[in-house]
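okay, predicted coordinates and the sequence, questions at the end:
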Amino acid sequence: MIEKPARNGIIDFFKYISAIGVILVHIPLPGACGLLMNAIGVCGVGFFYIITGYACWGTDKDLMCRKILKRLRRNGIITVIAVAVYFVFAWFYKKRIYALYPLKRALHLPVTYLRMIFLGDFELIYGAALWFMIALLYCYIIFYIIVRFDLKKLVYIMTIPLLIIRIVVDTYVNSYPVSWHLSGNLIVGALPMVCLGYVIADQKERLKNIKNWALILCSILSTLAMFLTVLFSIGHLNISQPFKILCAASIFVYGINNPDRHICKPIEKCGRQDTLLIYLSHFIILMLLSDFMYSHRIPQKQLQWYLPLTVIVTSLLLARLVSVCINLFKKLRHYE
């Protein structure tokens, strides 16, 4: 029997904030505000992967292998369900706009499935956000092997080079008009932060010696540096990535050093239960709401603000409703 770990209020709080930020990566607000919210969203994706790496560490090898396999199975099932939902949505949506033939043609090509499986490329069915889940599954497989065969030293060897690759590639992607798939993948977008989370877990006793004020100051300064480097590029280069990593890591370390502290318990509860639902549902909500708003001819300047904010509110409410229903179902089964 695998016991559930105690929840961390601070980390759950920032999971919720990160989920909102990720929505604003995919549908940004206008102007400087949009750039800043985009940076928070990218930082949030890294934060989620740090949590994954941290959760893959443990002193009992057999127990950790079982935990990793359990998470792999659970997230694998969630991914399959999400892909099925996006596929059904894309089929009917494209049929409604008379664009079904390109989808049917693409589904006959083996390369379509190879891109989905190895690159997490689900843009064909409006599931661009699903790359996160595919990369997450590969990370669990990699860390199962690492834990099973006692390859901890390999994680330490990989972490710095992978972080450098992440910084270089992400800087390039954010500075030039190239495909986001260069950074939104296992090697660049996921594995560096998962390795960092694992190292943080392995060094958590030493990290407890860092004063809270130092972690808070580091979080604030790295956030300010992130915002400044996003707003003011240096020679056309967006060099904010190191500060995004530092910001996510310092907030996370502050959270694990203060497991009993709370910022806002209602938001922490939502962060614990709703974040994955928010992430997986917001693209479909975006498609539906954008069609609705465009059909009502809302002025472009207003639409730039209305659409992102409406998608956020709808995603949060839908995720909360689904979580409440799931919790109610669990209680009913328990009473039976």
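Looks like it arrived, so ask away. Residues are numbered from 1 along each chain as shown.

and the helix or strand of the chain with the lowest mean pLDDT, what's buried?
Lowest on mean pLDDT, DSSP states H and E among the helices and strands of the chain sits helix 300-335, with a mean of 90. The neighbour-count check on helix 300-335 (16 or more other Cβ atoms under 10 Å) flags 303-304, 307-308, 310-312, 314-316, 318-320, 323 as buried. Bear in mind the C-beta positions are built from the backbone N, C-alpha and C, glycine included.

show me what whichever strand or helix holds L288 is packed up against.
According to DSSP states H and E, L288 maps onto helix 275-295. The helices and strands touching helix 275-295, judged by 3 or more Cβ pairs under 8 Å, 6 or more residues apart in numbering; DSSP states H and E, are helix 9-26, helix 61-96, helix 300-335.

again, 6 Å this time
Applying 3 or more Cβ pairs under 6 Å, 6 or more residues apart in numbering; DSSP states H and E, one finds that helix 275-295 makes contact with helix 9-26, helix 300-335.

so what touches that helix?
Identification of contacts with helix 275-295 by Cβ atoms under 6 Å, 6 or more residues apart in numbering yields 15, 19, 23, 27, 82, 89, 126, 129, 303, 307, 310-311, 314-315, 318-319, 322.

next, count neighbours for the nearest residue in space to V25 that is not next to it in sequence.
Nearest residue to V25 in three dimensions, chain neighbours excluded: G41, at 3.6 Å (Cβ to Cβ, 6 or more residues apart in numbering). By other Cβ atoms under 10 Å, 21 other residues sit near G41.

how close does G41 sit to A248?
11 Å (Cβ to Cβ, to the nearest Å).

now do T310
27 Å.

picking up where we left off before, can I get the buried residues of helix 300-335 in JSON lines with distance to Y138?
Shown next, in JSON lines, are the buried residues of helix 300-335 (distance: Cβ to Cβ, whole Å):
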{"residue": "L303", "distance to Y138": "37"}
{"residue": "Q304", "distance to Y138": "36"}
{"residue": "L307", "distance to Y138": "33"}
{"residue": "P308", "distance to Y138": "30"}
{"residue": "T310", "distance to Y138": "34"}
{"residue": "V311", "distance to Y138": "28"}
{"residue": "I312", "distance to Y138": "29"}
{"residue": "T314", "distance to Y138": "31"}
{"residue": "S315", "distance to Y138": "26"}
{"residue": "L316", "distance to Y138": "29"}
{"residue": "L318", "distance to Y138": "28"}
{"residue": "A319", "distance to Y138": "25"}
{"residue": "R320", "distance to Y138": "30"}
{"residue": "S323", "distance to Y138": "27"}
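
could I get the pLDDT score of E336?
At E336, the pLDDT value in this model is 61.

quick check: mean pLDDT across the one helix or strand E268 maps to?
Following DSSP H and E, one finds E268 within helix 265-273. Per-residue pLDDT over helix 265-273 has a mean of 94.

next, the buried residues of that helix.
267-273.

repeat for stretch 94-114
Applying 16+ other Cβ under 10 Å to stretch 94-114 flags 94, 103, 112 as buried.

who touches the last one in this structure?
The one in question is T112. A106.

change it to 8 Å
Listed by Cβ atoms under 8 Å, 6 or more residues apart in numbering, the contact partners of T112 are 106, 124.

name the next helix or strand downstream of the helix or strand it falls within, please.
Element membership for T112 (DSSP H and E) is helix 110-114. Downstream of helix 110-114, the next assigned helix or strand under DSSP H and E is helix 131-148.

what is the neighbour count of the closest residue to L237 other than its chain neighbours?
Leaving aside its chain neighbours, L237 sits nearest to S175 (4.8 Å; criterion: Cβ to Cβ, 6+ apart). With neighbours defined by other Cβ under 10 Å, the count for S175 comes to 15.

which one of the buried residues of helix 300-335 is nearest I167?
Using Cβ to Cβ, P308 comes nearest to I167 of the buried residues of helix 300-335, at 27.6 Å.

adding distance to I77, write the buried residues of helix 265-273 out as TSV.
TSV is the format used below for these (distance: Cβ to Cβ, whole Å):
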residue	distance to I77
I267	27
E268	26
K269	24
C270	22
G271	22
R272	19
Q273	17
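
which residues touch I216?
Contacts of I216 by Cβ under 8 Å, 6+ apart are Y254.

measure it to R272 for me?
In terms of Cβ to Cβ, I216 sits 23 Å off from R272.

what about G235, neighbour count?
Other residues lying near G235 total 6 when counted by other Cβ under 10 Å.

residue numbering should commence at 15 henceforth.
Renumbered: residue one is now 15, and that last one reads G249.

measure it to K258 for me?
For G249 relative to K258 (Cβ to Cβ), the value is 19 Å.

was I right about L168 contacting I160?
Yes - using Cβ atoms under 8 Å, L168 makes contact with I160 at a distance of 6.4 Å.
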